[in-house]
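Participant: Got a predicted structure plus its sequence, pasted below:
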Amino acid sequence: MIILKSILRFGGKINSFKFFVYIIACVVLNNFAFAASAQNSKPNILWIITEDQSAHLSCYGEKTITTPNLDKMAAEGIRFDNAFVTCPVCSPSRSAISTGIYQTVLGSHNHRSQRKLGHGDGNSKEYADTYGIPVKSVWEIFAEKGYYTCNGTQNTGQKGKEDYNFVCDSKALYDGADWSGRAEGQPFFAQIQLRGGKLRNVPKAYEEVLAGIDPELLVKEEDVTFPPYYPDVKAFRSDWVAYLNSVIYTDSEVGKVLDRLDKENLMDNTVIFFVADHGISSMRGKQFLYDEGIRVPLIIRFPDKRLAGTVRKDLVLQIDLVSTSLKLAGIDMPEYVQARDIFCKDYKEREFIVTARDRAGDPIDIIRSVRTKKYKYIRNFMSYRPHCQRDQYKDHYTFTKALRKLNAEGKLDELQSRFFNPTRPAEELYDLVNDPFETINLANKANYKVVLFENRNRLYNWMIENKDMGLIPEPILEELGRKYGNKYYVLQQNENSNLIKQLIDVIEAGELKDLNRLEKIAKTGNPSQIYWAVTWLGVHRNQESIGLIKKLVQHNDPSVRIAACLALCKMGLDETYLPKLTEEINHPNYLVGMYAIRAIEQTGILNETTREAAEIASRSKYDNTTRYGRRLLNKLGVRQEKYYDEYEPKFYKYLYEPYTQKKSYLKQK
């Protein structure tokens, strides 16, 4: 229309060349105007992500506190009752939500295992060079479509937390810390990072909480109630009070963010998401797959307040924010994304969701779960280890120290002491309707066989189909990541297509004490299979396998050598094989060193060889290896500066008791 009017206005009064130039200019300007108009029609997308916070909001039924800002957001939007994270640990969860891909598929499942060269959690250069993100992040996708991307906090202009488990250049991911620097009319994709439950962990931050809350609203110790699996002692009451006060303060921070949007006239064009990276950092919460760790609040508010006051019961995941946000912005979702658009017309509810926990700092663990609306199935692939391993992160908490002491003194009931059992069930099954606190394990109840087998099969099929690489021993996975350029590609190779099934099979053989099967695999398997076979032969302390295991001490894979040496140490041959573990600590693959010093700690032996190994480990370039070394030196009486506890042998006796599981795995015929 603009061009037509121009032609009519000028008629034949200008020469043909000038007229041609003018027409081109009009076309360009018209396109710019059209683009600006289309851009203005795109909604802003805002993710408010809080840390370490379960669904303890008044709109979710929490009675001790009120959270008016989030309650209002829920009243004007949609509240999801069954929202979960793919992992209850920071960096794997944040890696997943950054890509829409499970961390177990991305290769980011072991917490803070992929850091820049020279960082305490990063490997040597030949491995660190493969730690880049193998797919486009959600920021890159939004940026390509004209969005201004930012990552900040409730404080305008302050850079927000990242904590991704891949190496990236944040300057390339974000245009700024908030949306104030965008062009006029440009839509934004923003994340606001709130400290949530972590506020209670830092004295200075908690002072901020106490100063920022009306004294009348502060929670008192006598007001709190907490789950039956925690003892009613001051350490827990005080921590729960601080946690709930932190939630109140977080709600006020959300209010400030919403106020800013309102003042800047952005509420009418911004879709707002509120979610947590995982649940509360308590004993059975963060790091574990009980609902306290994986169930999180999720509230979504549309500009037009559509679906206001809706409460949805379908099973959703934090990664669904990726596909849902892209769709709302009119952006096609990449094929590799595993997330779902939870508002699409042909949306189908999930029958179940899968969650995962792998190494979280120094404690190595592999747990998976399948959750339906009624049942929770948990698979402990390392059932020969206790739930509560040594963990520098959690061991410094007052509630952890209190629990260890109470357990050693015999003052915990059966439920409260389960985390300190020397071993744990290979499988757990809970009826969430009748047992919401997940306290009665039904896995070995004959009348629940069908439910058990159904969910076990769901998990195994999911792991195989989705290429879950969690069962691959981490030092071996590092080598495979280097070989193929990135861990993401490891299970996409034809030669590894059957690897996950093979590893499930060998672990089952270990749980069923099928020693002949374990020996056969130890002779003929690939390095990952052999590692698990030898590990289980050591767990069972099978003396008849000593000759075979001795041969594997010479294996070309260091993970196998370490598993073999640990097995032989457990069978009384530590004088010869403890020094051989020490030799592996300075391996150029830093994960090998961590596995070696961890094996030494698991022997429970404290002698001069242990001291030598601990001193080497304490000087490692790898932070988690250092943690093991310092902890061992502490046990040996060499006090470590700024270390978090005194060594009390009676508190940790359960860590070194032999494996005596009975009926730990119900065989499926």
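Facilitator: In hand now; what should we look at?
Participant: Show me the chain divided up by domain.
Facilitator: Annotated domains of the chain cover 2-38, 42-332 [automatic domain parsing].
Participant: So for the helix or strand hosting residue 575, what gets flagged as buried?
Facilitator: Element membership of residue 575, judged by DSSP states H and E, is helix 574-583. Buried residues in helix 574-583, counted by 16 or more other C-beta atoms under 10 Å: 574, 577, 578, 580, 581, 582. No exception for glycine: its C-beta is placed from N, CA and C like everyone else's.
Participant: Let's have those in a markdown table, adding distance to residue 239 and pLDDT.
Facilitator: Shown next, in a markdown table, are the buried residues of helix 574-583 (distance: C-beta to C-beta, whole Å; pLDDT from 0 to 100):
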| residue | distance to residue 239 | pLDDT |
| --- | --- | --- |
| 574 | 39 | 97 |
| 577 | 42 | 98 |
| 578 | 39 | 98 |
| 580 | 43 | 98 |
| 581 | 37 | 98 |
| 582 | 39 | 98 |
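Participant: out of those residues, who's nearest residue 555?
Facilitator: Within the buried residues of helix 574-583, the smallest distance to residue 555 is 11.8 Å, found for residue 580 (C-beta to C-beta).
Participant: Would you mind measuring from that closest one to residue 364?
Facilitator: 20 Å (C-beta to C-beta, to the nearest Å).
Participant: what's the answer for residue 104, then?
Facilitator: With C-beta to C-beta as the criterion, residue 104 and residue 364 are 15 Å apart.
Participant: tell me the average confidence for stretch 549-566?
Facilitator: Stretch 549-566 comes out with an average pLDDT of 98.
Participant: Just the residues contacting that stretch, thanks.
Facilitator: 473, 475-476, 522, 527, 530-531, 534-535, 537-538, 567-568, 577-578, 580-581, 584, 587, 589, 592, 595-596, 599, 602-603 (C-beta atoms under 8 Å, 6 or more residues apart in numbering).
Participant: mind listing the helices for the stretch 251-400 of the chain?
Facilitator: With DSSP state H, counting those that start in this stretch as the criterion, the stretch 251-400 of the chain has helices at 291-294, 320-328, 392-395, 398-408.
Participant: Same check on the stretch 451-600 of the chain?
Facilitator: Per DSSP H, counting those that start in this stretch, the stretch 451-600 of the chain carries helices over the ranges 474-484, 499-511, 515-524, 527-539, 546-552, 558-570, 574-583, 590-603.
Participant: Under the pLDDT cut-off, which ranges of the stretch 501-650 of the chain? List them.
Facilitator: Scanning the stretch 501-650 of the chain for pLDDT under 70 picks out the ranges 642-646.
Participant: where exactly do the strands run in the stretch 201-350 of the chain?
Facilitator: Ranges of strands within the stretch 201-350 of the chain are 270-276, 298-301, 310-312, 316-317, based on DSSP state E, counting those that start in this stretch.
Participant: residue ranges with poor pLDDT in the stretch 51-200 of the chain?
Facilitator: In the stretch 51-200 of the chain (pLDDT under 70), no residue qualifies.
Participant: about what we covered before: which of residue 104 and residue 364 has more neighbours?
Facilitator: residue 104 (28 against 18; other C-beta atoms under 10 Å).
Participant: So what does the more buried one look like in phi/psi?
Facilitator: Residue 104 adopts backbone torsions of phi -70, psi -20, taken as degrees, to the nearest 10.
Participant: My understanding was that it contacts residue 355; is that so?
Facilitator: No - with contacts counted by C-beta atoms under 8 Å, residue 104 stays clear of residue 355, the gap being 9.8 Å.
Participant: that older thread, tilt between the helix holding residue 575 and helix 558-570?
Facilitator: Angle of helix 574-583 versus helix 558-570, following axes from the mean of the first three to the mean of the last three C-alpha atoms, to 10 degrees, is 150 degrees.
Participant: what about helix 574-583, distance to the chain center?
Facilitator: Here helix 574-583 is found 34 Å from its chain centre; the criterion is C-alpha atoms, centre = their mean, to the nearest Å.
Participant: Which residues does that helix contact?
Facilitator: Against helix 574-583 from outside (C-beta under 8 Å, 6+ apart): 553, 561-562, 564-566, 568-569, 596-597, 599-600, 603, 605, 607, 609-610, 612-613, 616.
Participant: mind redoing it with 6 Å?
Facilitator: With contact meaning C-beta atoms under 6 Å, 6 or more residues apart in numbering, helix 574-583 is reached by 565, 568, 569, 596, 599, 600, 605, 609, 613.
Participant: Can you flag the buried ones in the residues you listed?
Facilitator: So, by 16+ other C-beta under 10 Å, the buried ones in these are 565, 568, 569, 596, 599, 600, 609, 613.
Participant: Look at the last one and give its secondary structure.
Facilitator: Translated: residue 613. Classification of residue 613 using DSSP: H, G, I helix; E, B strand; the rest coil returns helix.
Participant: ok, it - contacts?
Facilitator: Residue 613 is in contact with 582, 600, counting by C-beta under 6 Å, 6+ apart.
Participant: run the last query once more with 8 Å
Facilitator: Counting by C-beta under 8 Å, 6+ apart, residue 613 makes contact with 578, 581, 582, 585, 596, 597, 600, 629, 632.
Participant: wouldn't residue 182 be in contact with residue 143 here?
Facilitator: No - in this structure residue 182 lies outside contact range of residue 143 using C-beta under 8 Å: 11.5 Å.
Participant: list residues touching both of those two?
Facilitator: Between them, residue 182 and residue 143 share these contacting residues under C-beta under 8 Å, 6+ apart: residue 175.
Participant: re earlier: now, the most widely separated pair of the buried ones among the contacts of helix 574-583?
Facilitator: So, those by C-beta to C-beta: farthest apart are 568 and 613, at 15.8 Å.
Participant: which of the contacts of helix 574-583 lies closest to residue 75?
Facilitator: For the contacts of helix 574-583, the nearest to residue 75 is residue 599 (54.4 Å; C-beta to C-beta).
Participant: excluding its backbone neighbours, what's nearest that closest one?
Facilitator: Distances taken as C-beta to C-beta, 6 or more residues apart in numbering put residue 566 closest to residue 599, at 4.1 Å, once the chain neighbours are dropped.
Participant: So what's the residue count around that neighbour?
Facilitator: Burial measure for residue 566: 26 neighbouring residues, criterion other C-beta under 10 Å.
Participant: Quick check: it vs residue 541, distance?
Facilitator: Noted for residue 566: a distance of 11 Å to residue 541, by C-beta to C-beta.
Participant: could the contacts of helix 574-583 go into CSV alongside distance to residue 495?
Facilitator: Shown next, in CSV, are these (distance: C-beta to C-beta, whole Å):
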residue, distance to residue 495
565, 28
568, 31
569, 33
596, 27
599, 28
600, 33
605, 39
609, 39
613, 35
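Participant: nearest to residue 149, of the residues you listed?
Facilitator: residue 596 (42.0 Å).
Participant: Kindly confirm whether my reading is correct that that closest one touches residue 589.
Facilitator: No - judged on C-beta under 8 Å, residue 596 makes no contact with residue 589 at a distance of 10.8 Å.
Participant: Pull out the buried residues from stretch 158-176.
Facilitator: Here stretch 158-176 shows 159-161, 163-168, 173-176 as buried, counting by 16+ other C-beta under 10 Å.
Participant: Please apply the same query to stretch 209-216.
Facilitator: 209, 213.
Participant: What of stretch 119-134?
Facilitator: Of all the residues in stretch 119-134, those buried under the rule 16+ other C-beta under 10 Å are 121, 122, 123, 124, 127, 128, 130, 131, 133, 134.
Participant: Overlap of the contact sets of residue 104 and residue 355?
Facilitator: The contact sets of residue 104 and residue 355 overlap at 86, 87 (C-beta under 8 Å, 6+ apart).
Participant: Look at residue 189 and say how many residues are nearby.
Facilitator: Using other C-beta under 10 Å: residue 189 sits among 28 other residues.
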